[in-house]
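# from the sequence below, what's the structure:
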Amino acid sequence: MRLTINGKSTEIEAPEDMPLLWALRDVLGMTGTKYGCGMAICGACTVHIDGAPTRSCLLPLSAVAGKSITTIEGLASGETLHKVQQAWLDHEVAQCGYCQSGQIMSAVALLQSNSTPSDDEIDAAMAGNLCRCATYPRIRAAIRAAAGEEKA
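This next block holds a predicted model:
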């Protein structure tokens, strides 16, 4: 099967019913996308499929053939981090950090569709991503910073 991942055409030998998460992590060695709940609830496995934030833990490879897949590894441009990744560092968002790649992927999708979201819009867009460390105020501040607003 041929997939387009982070802008590159990639040949993968895996069953069509294998979840995308496991193809990324176990077959391709792209471990930035995390396994959390395995039920597409927590958001740790969020990637972009044709630009939309999507849970990868239950999504079969057959469903992504011909689509563009972007993972956390595909956000940076060389050594330059994506503005959301940089804001995450600047605002020291992560504590344990486990959920952060999914959080970042959801935040990037939000800002692509709404460049100046309100706090309510941020909360709504990020509601499906769970953080056991409860860094939600720092997540919101980082999104605001990436949007060019420094409100907390």
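# got the contact list for residue 140?
Residues near residue 140 by Cβ atoms under 8 Å, 6 or more residues apart in numbering: 119, 122, 123, 126, 152. (Glycine included, C-beta is placed from N, CA and C.)
# ok, residue 20 next?
47, 56, 59, 60, 61, 63, 64, 69.
# if we can go back for a sec, are any of the contacts of residue 140 buried, and if so which?
Buried subset of those (neighbour count, 16 or more other Cβ atoms under 10 Å): 122, 126.
# just curious, which of the contacts of residue 140 is nearest to residue 109?
Lowest distance from residue 109 to the contacts of residue 140 (Cβ to Cβ) belongs to residue 126, with 10.2 Å.
# can you give the domain ranges for the protein?
By the record's domain assignment, the chain is partitioned as 2-73, 83-146 (automatic domain parsing).
# between the two ends of the shortest one, how far is it?
What it means is domain 83-146. End-to-end distance of domain 83-146: 6 Å, with Cα to Cα, to the nearest Å as the criterion.
# please apply the same query to the first one.
Between the opening and closing residues of domain 2-73 lies a distance of 19 Å (Cα to Cα).
# centre of the chain to that domain, how far?
10 Å (Cα atoms, centre = their mean, to the nearest Å).
# now, which of the contacts of residue 20 lie within strands?
Judged by DSSP state E, the contacts of residue 20 include 47, 69 as members of strands.
# can you lay out the domains of the chain as TSV showing mean pLDDT?
Shown next, in TSV, are those (pLDDT from 0 to 100):
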stretch	mean pLDDT
domain 2-73	97
domain 83-146	95
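# that older thread, so which of the contacts of residue 20 is the closest to residue 5?
Nearest to residue 5 among the contacts of residue 20: residue 69, at 4.7 Å, using Cβ to Cβ.
# so how far is residue 136 from the closest one?
Look at residue 69 and residue 136: by Cβ to Cβ, to the nearest Å, they are 27 Å apart.
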